[in-house]
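> Structure here, sequence nowhere to be found:
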């Protein structure tokens, strides 16, 4: 007796589902990514989607992996490892800034393909820098954690800014004014940088942090030569 098996709908593929999921995430955010909303975009039933995707976590991770794969491909080739790391870091910073859901998805899937792909991309450049083997994992992890931590926080700040009216200078000016009124004995550093807050460049400051990490890695490499 022949068993009845689910049948795929013509023209529907995992790749198309992922593309529409990315479009849905970009327009509505993670909360708007539902199988019902996706089925409407695809003009199909949810059962046809389940043929290709097991659940929402699978869907979100797959969408995240697609964007990360595209981002890694944009990194400059035939450059020094330091330049490659900077390019990769900036590409991820910009991708997460443009798609805040991406950072959230990455931080919830530390052992899955998107995060592993980023770690591999950074790790290969760390090896090219001739960082000693015992320090390679620590160096790559430091870069990974810094890139994701700062990028996710930057995206969250941007979302908060939009929620408060979108005037970045005005919002930061209010925060700077509050910092300037802090107790001078308890918060000497925060008071000292208050004037810089409204005019600082998030992207430039991000790169400064990358360069500090790279400088430390270069020092480690020289110490073992």
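It's in. Note that this is a predicted model, so its numbers are computed, not measured. Numbering: from 1, shown residues only.
> Which strands or helices does the longest helix along the chain pack on?
Counting residues, the longest helix in the chain under DSSP state H turns out to be helix 133-163. Under the contact criterion of 3 or more Cβ pairs under 8 Å, 6 or more residues apart in numbering; DSSP states H and E, helix 133-163 touches helix 81-98, helix 100-107, helix 113-128, helix 202-223. Using the backbone N, CA and C atoms, a C-beta is placed for each residue, glycine as well.
> Give me the mean pLDDT for it.
In this model, helix 133-163 has an average pLDDT of 89.
> ok, residue 122 touching residue 142?
No. Applying Cβ atoms under 8 Å, one finds residue 122 not in contact with residue 142, separated by 9.4 Å.
> the more surrounded of those two?
In this view residue 122 and residue 142 are compared by other Cβ atoms under 10 Å, and residue 122 has more residues nearby, 23 against 16.
> so what's the more buried one up against?
85, 88, 140, 143, 144, 147 (Cβ atoms under 8 Å, 6 or more residues apart in numbering).
> For the first one, the count of nearby residues, please.
When you say that, I think you mean residue 85. 27.
> and the gap between it and residue 29?
Separation of residue 85 from residue 29 (Cβ to Cβ, to the nearest Å) stands at 30 Å.
> now swap in the fifth one and tell me
In this structure, residue 144 lies at 25 Å from residue 29, with Cβ to Cβ as the measure.
> now swap in the second one and tell me
In this structure, residue 88 lies at 26 Å from residue 29, with Cβ to Cβ as the measure.
> More neighbours: these two, which one.
The neighbour comparison of residue 88 against residue 29 (other Cβ under 10 Å) goes to residue 88, with 22 against 14.
> I'd say that one and residue 68 touch.
No. Taking contacts as Cβ under 8 Å, residue 88 lies outside contact range of residue 68: 10.7 Å.
> what is in contact with the two at once?
Common neighbours of residue 88 and residue 68 (Cβ under 8 Å, 6+ apart) are residue 118.
> burial measure for residue 120, as a count.
12.
> How about residue 129: what's its closest non-neighbour residue?
Spatial nearest neighbour of residue 129, chain neighbours left out: residue 81 (4.7 Å); criterion: Cβ to Cβ, 6 or more residues apart in numbering.
> Kindly report the same for residue 37.
Residue 37's closest residue in space is residue 24 (Cβ to Cβ, 6+ apart), at 6.0 Å.
> I'd assumed residue 41 was in contact with the one you found.
Yes. Between residue 24 and residue 41 there is a contact under Cβ under 8 Å: 6.3 Å.
> Quick check: pLDDT value at the residue nearest to residue 37.
In this model, residue 24 carries a pLDDT of 95.
> Spell out the secondary structure type for it.
Classification of residue 24 by DSSP: H, G, I helix; E, B strand; the rest coil places it in helix.
> which residues sit in contact with it?
Counting by Cβ under 8 Å, 6+ apart, residue 24 has contacts 32, 33, 37, 38, 41.
> Can you give me every residue that contacts the last one?
Each residue near residue 41 by Cβ under 8 Å, 6+ apart is listed here: 20, 23, 24.
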